[in-house]
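Asks: attaching a predicted model along with its sequence, questions to come.
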Amino acid sequence: MKFIILFGPQAVGKMTVGQELEKITDLKLFHNHMTIELVSPFFSYGSEPGKRLVSLFRQEIFEEVAKSDLEGLIFTFVWAFDLQNDWDYIEKIRRIFEIQGGTVYLVELEADMEERLERNKSPHRLNHKATKRNLEFSERDLRVTMENHRLNSLEGEIGHANYLRINNTELSPETVAQMIKEKFQL
């Protein structure tokens with residue numbers, strides 16, 4: 001079992017890279033908005049019930065996949081490096097797969113703010129993420145989150161053996177997916 005945590009700031013291209021990686025491997029994509037969009041018609045993701053339900057669905061899916069005979073899973077996540085809760089969450093979901101004998105890979109994406117603002121408006125993103133369709137709110141959230149949190153790691157901060165960092169500002173999702181596949185021999 002392979003578990004890839006594909007992380008980086010909003011609109012960096014995690015879902016799109018994950019979709020491309022899914023096409024060229026036997027891994028399944030579980031992008032973070034799959035659960036957010038499921039819950040959002042009932043509860044805002046920012047609300048206590050929304051957070052609880054999103055967390056519950058993700059936990060159950062991780063546990064079932066980790067025990068399954070699937071080749072592996074790609075999960076996307078916005079990791080705020082200044083929040084201990086996010087570090088704890090990554091450790092928690094890593095353990096779910098490692099306890100079952102799986103191998104965990106950490107892939108960090110980064111891109112220039114101007115590029116991320118453009119990607120934030122892309123029809124592909126908006127098609128898959130209904131909660132991002134209010135562009136004024138989405139762009140403001142992207143900027144505020146970037147101002148209030150550190151969404152990319154510092155040099156040497158991640159000491160995981162299976163770690164890769166890619167600046168994908170000028171790279172296609174297909175190229176990035178191929179880089180990940182080759183690096184980890186997926």
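Replies: Now that the structure is in, tell me what you want to look at.
Asks: residues in contact with the helix or strand bottoming out on mean pLDDT in the chain: which ones?
Replies: Every helix and strand of the chain was ranked by mean pLDDT, DSSP states H and E. The lowest is helix 123-128, at a mean of 73. Here helix 123-128 makes contact (Cβ atoms under 8 Å, 6 or more residues apart in numbering) with 11, 15, 16, 31, 33, 119, 132, 133. For every residue, glycine as well, the C-beta is placed using N, CA and C.
Asks: also stretch 19-31?
Replies: The contact list for stretch 19-31 (Cβ under 8 Å, 6+ apart) reads 2, 4, 6, 14-15, 18, 58, 61, 65, 70-76, 128, 173-174, 176-178, 180-181, 186.
Asks: of these, which belong to strands?
Replies: 2, 4, 6, 72, 73, 74, 75, 76 (DSSP state E).
Asks: any of these buried? List them.
Replies: Neighbour counting with 16 or more other Cβ atoms under 10 Å marks 2, 4, 6, 72, 73, 74, 75, 76 as buried within the ones in strands among the contacts of stretch 19-31.
Asks: which of the residues you listed sit farthest apart?
Replies: Spatially, the most separated pair among these is 2 and 76, at 15.1 Å (Cβ to Cβ).
Asks: list the helices and strands the longest helix along the chain packs on?
Replies: The residue-count maximum for a helix in the chain (DSSP state H) belongs to helix 48-67. Using 3 or more Cβ pairs under 8 Å, 6 or more residues apart in numbering; DSSP states H and E, the elements in contact with helix 48-67 are strand 28-30, helix 33-39, strand 72-77, helix 84-99.
Asks: could you tell me the angle between the third one and helix 84-99?
Replies: Same thing as strand 72-77. Using axes from the mean of the first three to the mean of the last three Cα atoms, to 10 degrees, the direction of strand 72-77 lies 180 degrees away from that of helix 84-99.
Asks: which other helices and strands contact strand 72-77?
Replies: By 3+ Cβ pairs under 8 Å, 6+ apart, strand 72-77 packs against strand 2-7, helix 14-24, strand 28-30, helix 48-67, helix 84-99.
Asks: kindly recompute the last result at 6 Å.
Replies: Identification of packing neighbours for strand 72-77 by 3 or more Cβ pairs under 6 Å, 6 or more residues apart in numbering; DSSP states H and E yields strand 2-7, helix 14-24, strand 28-30.
Asks: the last one now?
Replies: Using 3+ Cβ pairs under 6 Å, 6+ apart as the contact criterion, the secondary-structure elements in contact with helix 84-99 are helix 48-67.
Asks: give the bridge partners for the residue nearest to the spatial centre of the chain, please.
Replies: Centroid check for the chain by Cα atoms, centre = their mean gives residue 76 as the closest residue, at 1.5 Å. Beta-bridge pairing of residue 76 under DSSP bridges involves residue 6.
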